[in-house]
Every structure is written in C-alpha cells, then in structure tokens.
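Participant: Requesting a structural model of the entry that follows:
(2 chains)
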Amino acid sequence: MSNQLQIKIEKEDNKDIVSFTGSIDEDSDFGPMVGLTKAEVILDLELVNFINSCGIREWIKYQEQLDPKIKLIYRKCPQVIVEQMNIVKGFVKKGGVIESFYAPYYDESTDTEVKKLIAPSDVKDNKAPVIKNADGNEMEFDDIEAQYFNFLKNI
Amino acid sequence: MSYKVIIPDSLDQSELQSTFKNFDFTYTWDNDAHCVIYADTIEKAIIKWSEGDELKHFVPLKNKISKDQLEFHEIANAQEIFKVMFKDETVSEVINLIDQKIKKISLVNQFNELSRYLQTIAVELVQNALIEQRKGVKDNFVELIFKSNDKYFEIEVKDRIGSLTSSSVLSSLKRAFVEKTYEEKNEGAGLGLFMILGASDKLIFEIDSGKGTKVKSIINKYKRLKEYKRKQSSLHIYEEL
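Facilitator: Below is the predicted model of the structure:
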C-alpha cells in the first residue's frame, strides 16, 4: 500500500484544520492547501510517519508561501516531526504555535514503549512531565530531555 | 596504518598513553592529521574541518580507543536480509519499496522507532546514490544491501560512478551543521548525509574515484530509544584516487 501523503481539510468558521497522513517527501502534493485564507490554520500531524530530506525542504517552502498573516498551529506532532523541529531551522514557521506533541516513555514494569500526548506547558525547566501507567507506577521518559524539548525554547 | 590524530584539549599527556593503548598513532596539532578524536559532539568536530585538511576519520572519545574502533567496518558473520537494485524509480517508489522491506525485519528486542531510522538511512543513501548515478552511464544501477548479525544492522549502498570525494562529503555535512536548513540546488536538499550520520553509529565511505562508491551505515541493535539517542557517531572516509 502506498504511503503517499494524504491531506484532508476541514473548514470551520474562523479556522481551517488540515490533517496529514503518510510520508512527506518531494513527491508530496501540497496543492490542496494552496489558498488557505483563514486567520488560523491548524496542522494536525499525528499520522505523519516519515519525512525525508527533500520532504523537509518542501515542507519549509510550502510554509514560506503561505500568507504571513496566517497563524499556524501544530497539533499532535509525532516524534518524527518533533525531531525535525529540533534540528532544522524554519521547520516551524515564525510565529507558529505548538499545541501538542507526542513524547516517548518507557514502562519498565511491562517492558513497553508508550507515546504520550503532551502540551508545551507540561514541560517545566526542560523536564518531562511525570506520567504514570495504569498501575500508578511512574514511567521513564525515553529520550534525552535537553534534546527532545529543545524546540520549545524557540517558540 | 599509522594515523596522525588530533585529540581533545581536555586530554593531558599522562592520560594519552592509557587512553590510546594499543593504538598506533602520532599525536599532532597540524592540519595534516588524518583523524580527530572528539570529546564533545561530531557536529562541533566537523564544523572545524576546512577545505584542504587531511581529516577523514571522526571518532568519539571513549574509555579506550583501539585499532578496532578505527578499522572495524564490517560486521562479523553478517546475514543478508535483503538486496534491492534501483535505477529510475521515483522517490515515492524508493520510499515504499524500502518501507515494505524494513517492515518485514524482526525488531523484537529493539525499540519501535528503530525501523523508521533504518528506513531514513536506507532511503537517503539510495537517493544520494541515484543522484550521482544519473550523472553517469544510463544503464547503471544502485545496489542496496541490508545485513545484520546478533548485535548490529548494516546498510550498504553502492553506485558505479565514484564521483564523491572526501571534501564533498565533509563540506556537505559542515554546511548542514552550520546552516541547519536545506540548500538550494538542482537535486537533493543538502540534508541527506546530515540525517544519515545522525541516525548511524558508524558511517563509512569507500570511494574508488571514477569507479564506484560504497557507503555503509552500521547501527547497534539498541533495545531502548534512550540508548540509541545517547550514541556518538563515527565517520570514516577512505578514498582511492
């Protein structure tokens, strides 16, 4: 099955919600998003599962073409997107807002990995929020905090 | 082989002998050094590289540097998991084909996201090789071989052009580390090598100028994402002119 990027747009009164599914690469067609005019555009990135180097370029270029007055809100950013936000300048448009993103945790009692949806305000002093499993046991943040939350310094 | 090595400022002479035990080296500050042992990050080490330097090896400072660390570039008793030839596939076709192959690999004792990092390395290596390949003979192809043993994965990509140079590799990496964004050019975004190095434990270029280039990425089979993120990458470039 193709992993080509799918884009779905829901138009609401004062904002557009754009949901992405699949892989962002140079073959991705951002055409459906051209001409967005609402003051606020929510980019729901939860189902993006891959991005390559040329996909990063296309993503930045696409955002640069948007009306500068549009406020971009990044929702449910998966780890693959957070990593690019951390290392690539311009991946988050200037003035953009991160609404929520996934953070990796490890549950030692069950030896499982868990991705938790958190908000920037949950991260205090660059420390991952305490998250417990169903039994009330604290899970371990499964990345390097200084690296993973670095992007929050720039927003 | 004897290497001329640049070592970190933090390492004093008394530590030198024990740290570099069993390692044939000449300690130098000159710009004809072959190797830099970095104490901080590979990014900072590569940013210091300048055109004309002889540096071709970037190795993290660990408790003990051995010849193995410099010269171990093949995983022992490797089993080939898959091999694919590419010629004129589109980007989406390359990504989908590699995705399907990697999904079939058993990652029972490794963290979930490892498959995505393996896919990134394979896709970027193949795309880079295809860009080089298109500059050469039309009927040539690019070969991707994926291997593993009990401890490592190895992703190897070969072209039959040999147009890369150590200088082009290092200048591309340096630009990406300094600018941290894409590069305006006809093909590629100038971020592929940067992503490959960041995802690899060890990245090795074997360039036979005008004949072919073999690039190998070696990745430990980490159980936890956190262990993987703590890795310090090595870069080695061998160039036959």
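
Participant: now the strands for chain B?
Facilitator: B:3-6, B:25-27, B:35-38, B:57-60, B:79-86, B:142-148, B:152-159, B:202-208, B:212-220, B:234-240 (DSSP state E).

Participant: Just give me the lowest mean pLDDT stretch among those strands.
Facilitator: Mean pLDDT is lowest for strand B:25-27 out of those, coming in at a mean of 66.

Participant: returning to that earlier point: would you list the strands of chain B in CSV and tack on mean neighbour count?
Facilitator: The way it works is simple: take the backbone N, C-alpha and C, and place the C-beta from them, glycine included. CSV is the format used below for those (neighbours: other C-beta atoms under 10 Å in any protein chain shown):
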stretch, mean neighbour count
strand B:3-6, 20
strand B:25-27, 15
strand B:35-38, 23
strand B:57-60, 21
strand B:79-86, 14
strand B:142-148, 21
strand B:152-159, 23
strand B:202-208, 21
strand B:212-220, 22
strand B:234-240, 18
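
Participant: Throw those strands into a markdown table and include distance to chain A, thanks.
Facilitator: Shown next, in a markdown table, are these (distance: least, C-beta to the nearest C-beta, whole Å):
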| stretch | distance to chain A |
| --- | --- |
| strand B:3-6 | 26 |
| strand B:25-27 | 31 |
| strand B:35-38 | 17 |
| strand B:57-60 | 16 |
| strand B:79-86 | 15 |
| strand B:142-148 | 15 |
| strand B:152-159 | 15 |
| strand B:202-208 | 15 |
| strand B:212-220 | 15 |
| strand B:234-240 | 17 |
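
Participant: of all these, which lies closest to residue B:108?
Facilitator: Of all these, it is strand B:142-148 that lies closest to residue B:108, at 12.5 Å by C-beta to C-beta.

Participant: what's the angle from the closest one to strand B:212-220?
Facilitator: 30 degrees (axes from the mean of the first three to the mean of the last three C-alpha atoms, to 10 degrees).

Participant: list the helices and strands the longest strand seen in chain A packs on?
Facilitator: Ordering each strand of chain A by length in residues (DSSP E) puts strand A:40-51 first. Applying 3 or more C-beta pairs under 8 Å, 6 or more residues apart in numbering or on different chains; DSSP states H and E, we find strand A:40-51 packed against strand A:15-24, strand A:71-75, helix A:79-87, helix B:114-134.

Participant: which stretch among those comes nearest residue A:39?
Facilitator: strand A:71-75 (6.3 Å).

Participant: sorry, back to before: pull the residues that contact the longest strand of chain A.
Facilitator: Residues outside strand A:40-51 that contact it (C-beta atoms under 8 Å, 6 or more residues apart in numbering or on different chains): A:3, A:5, A:14-25, A:59, A:66, A:70-78, A:80-81, A:84, A:99, A:102, B:95, B:99, B:116, B:119-120.

Participant: and if you look at stretch B:36-56?
Facilitator: So stretch B:36-56 is in contact with B:4-8, B:10-11, B:31-35, B:57-61, B:65, B:166-167, B:170-171, B:173-174, B:177-178, B:197, B:232-239, going by C-beta under 8 Å, 6+ apart.

Participant: List phi and psi for residue B:233.
Facilitator: phi -80, psi 150 (degrees, to the nearest 10).

Participant: per-residue confidence at it?
Facilitator: 94.

Participant: can you check residue B:24 too?
Facilitator: 63.

Participant: before we move on, what about residue A:12?
Facilitator: 87.

Participant: before we move on, what about residue A:132?
Facilitator: Predicted confidence (pLDDT) for residue A:132: 97.

Participant: from the helices and strands packed on strand A:40-51, which stretch is densest packed?
Facilitator: Comparing the helices and strands packed on strand A:40-51 by mean neighbour count (mean count of other C-beta atoms under 10 Å in any protein chain shown), helix B:114-134 comes out on top with a mean of 23.

Participant: relative to strand B:142-148, how tilted is that helix?
Facilitator: Going by the same axes, to 10 degrees, helix B:114-134 makes 150 degrees with strand B:142-148.

Participant: so can I have TSV of the strands of chain B showing distance to residue A:143?
Facilitator: Formatted as TSV, the strands of chain B follow (distance: least, C-beta to C-beta, whole Å):
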stretch	distance to residue A:143
strand B:3-6	31
strand B:25-27	35
strand B:35-38	22
strand B:57-60	19
strand B:79-86	27
strand B:142-148	24
strand B:152-159	20
strand B:202-208	22
strand B:212-220	17
strand B:234-240	22
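
Participant: wait, which of those is closest to residue A:108?
Facilitator: The nearest among the strands of chain B, by C-beta to C-beta, is strand B:212-220 at 20.8 Å.

Participant: send the alpha carbons of the closest one over as CSV?
Facilitator: Taking C-alpha atoms only, strand B:212-220 is exported to CSV below (Å, rounded to 0.1, in the frame of the first residue of the first chain):
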residue,chain,number,x,y,z
GLY,B,212,32.3,3.5,-7.6
THR,B,213,31.4,4.4,-4.1
LYS,B,214,30.3,2.1,-1.3
VAL,B,215,28.6,3.7,1.7
LYS,B,216,28.0,1.7,4.8
SER,B,217,26.0,2.6,7.9
ILE,B,218,26.3,0.4,11.0
ILE,B,219,23.7,0.7,13.7
ASN,B,220,23.7,-1.2,17.1
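
Participant: Residues of chain A that sit close to chain B?
Facilitator: Contact residues, chain A versus chain B (C-beta under 8 Å from any C-beta of the partner chain): A:2-4, A:23, A:25-27, A:49-50, A:52-54, A:56-57, A:60, A:79-80, A:87-90, A:104, A:106, A:113, A:140, A:142-144, A:147.

Participant: Got a ChimeraX select line for the buried ones in the residues you listed?
Facilitator: Here is the ChimeraX command that selects the buried residues among these (16 or more other C-beta atoms under 10 Å in any protein chain shown):
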select /A:3,4,23,25,26,27,49,50,52,53,54,56,57,60,79,80,87,88,90,104,106,113,142,143
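
Participant: Just to check, residue B:239 is in contact with residue B:166?
Facilitator: Yes - Residue B:239 is within contact range of residue B:166, at 5.0 Å (criterion: C-beta atoms under 8 Å).
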